[in-house]
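Asks: Need coordinates for the below:
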Amino acid sequence: MESIEILVSIRKIVRSLNLESKSIQKDFGLSITQLLCLNHLQQSPDYQSTHKHLMELLSLNSSTVTGIVNRLEKKGYVARLPKTADKRVTYIALTATGLKLLQEAPNVLHDRLAKKLATLSEKDQHMVKKSLDIVISAMQIKEVEASPLLISEEPSEVNPKE
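Replies: Residues are numbered from 1 along each chain as shown. This is a model prediction of the structure:
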């Protein structure tokens, strides 16, 4: 197998992530990152999470998460709730409007991929993991931080669209 075939396969994955992101943005007015945030809140106890936990989950810095939450709050999908005992801690809570949107929104690509990977045998899953580890090593990107969630474009602090 030539290296060009491997590069084409990687490009297919990246392209499908970008197409999924554009489709969700067009249909629901949300970035994949915003949708992941809402999905996390839906699965959290009492539909709530902290800013810090969202940062860790999404592997994003504080100001980027603040921007995401600000935009979701402006659309009415989340609300900030101060902790009664400690006003320095604020919970981000999913609203009824946000929950309704999630019922209409599609499964994000990483959910579909996780389900498909789960249908593979343990041997095949190990083979996929080992192959990806080899690619990561060859590209010398072991130290690059990444979320366990598939996000098509990593937002930056200066990207106001996230």
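
Asks: which ones are touching Y77?
Replies: Contact partners of Y77, counting by C-beta atoms under 8 Å, 6 or more residues apart in numbering, are L38, L94, T95, T97, G98, L101. From N, CA and C alone the C-beta is placed, and that goes for glycine too.

Asks: now swap in L101 and tell me
Replies: Each residue near L101 by C-beta under 8 Å, 6+ apart is listed here: F28, L30, L38, Y77.

Asks: hmm, 10 Å instead?
Replies: F28, G29, L30, L35, L38, L72, K75, G76, Y77, L94, T95 (C-beta atoms under 10 Å, 6 or more residues apart in numbering).

Asks: What is the burial count for V65?
Replies: The burial count assigned to V65 is 23, neighbours taken as other C-beta atoms under 10 Å.

Asks: and it, backbone torsions?
Replies: Per-residue torsions, V65: phi -60, psi -40 (degrees, to the nearest 10).

Asks: Tell me, please, the helix or strand in this structure that averages the lowest pLDDT.
Replies: The weakest-scoring helix or strand in the chain, judged by mean pLDDT, DSSP states H and E, is helix 109-118 (a mean of 78).

Asks: Good, wrapping up.
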